[in-house]
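Trainee: give me coordinates for this.
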Amino acid sequence: MRYVLTVVAILGVVLGVAAIAHGEADDSPGLQVLGLALAIGAVVFGIRNLRGGS
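Mentor: Next up is the predicted model:
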């Protein structure tokens, strides 16, 4: 189960980076901020999941 959640976190990072790239191409600062928040949140979620935190 831990590895499934890790894969979900990695997909969240990939989706966040894609949103940042698409927001830059479309000149949309809101999409860039949402993508950044998604990527950072996914990284934090993945680290907490791997370390066993609650």
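Trainee: excluding chain neighbours, what is closest to the residue most central in space within the chain?
Mentor: Centroid-nearest residue in the chain, with Cα atoms, centre = their mean: residue 39, separated by 2.5 Å. Closest residue to residue 39 apart from its sequence neighbours, by Cβ to Cβ, 6 or more residues apart in numbering: residue 16 at 3.0 Å. No exception for glycine: its C-beta is placed from N, CA and C like everyone else's.
Trainee: repeat for residue 13
Mentor: With Cβ to Cβ, 6+ apart as the criterion, residue 13 has its nearest non-adjacent residue at 4.6 Å, and that residue is residue 42.
Trainee: and the one you found, what is it in contact with?
Mentor: Residue 42 makes contact with 9, 10, 11, 12, 13, 15, 16 under the criterion Cβ atoms under 8 Å, 6 or more residues apart in numbering.
Trainee: between those, which is nearest residue 48?
Mentor: Residue 48 has its nearest neighbour among these in residue 9, at 9.2 Å by Cβ to Cβ.
Trainee: wait, that closest one touches residue 49, no?
Mentor: Yes: assessed by Cβ atoms under 8 Å, residue 9 is found in contact with residue 49 at 6.5 Å.
Trainee: compare neighbour counts for these two and give me the winner.
Mentor: residue 9 (20 against 17; other Cβ atoms under 10 Å).
Trainee: for the helix or strand hosting that one, which outside residues touch it?
Mentor: Using DSSP states H and E, residue 9 sits within helix 2-25. Identification of contacts with helix 2-25 by Cβ under 8 Å, 6+ apart yields 28-32, 34-43, 45-46, 49-50.
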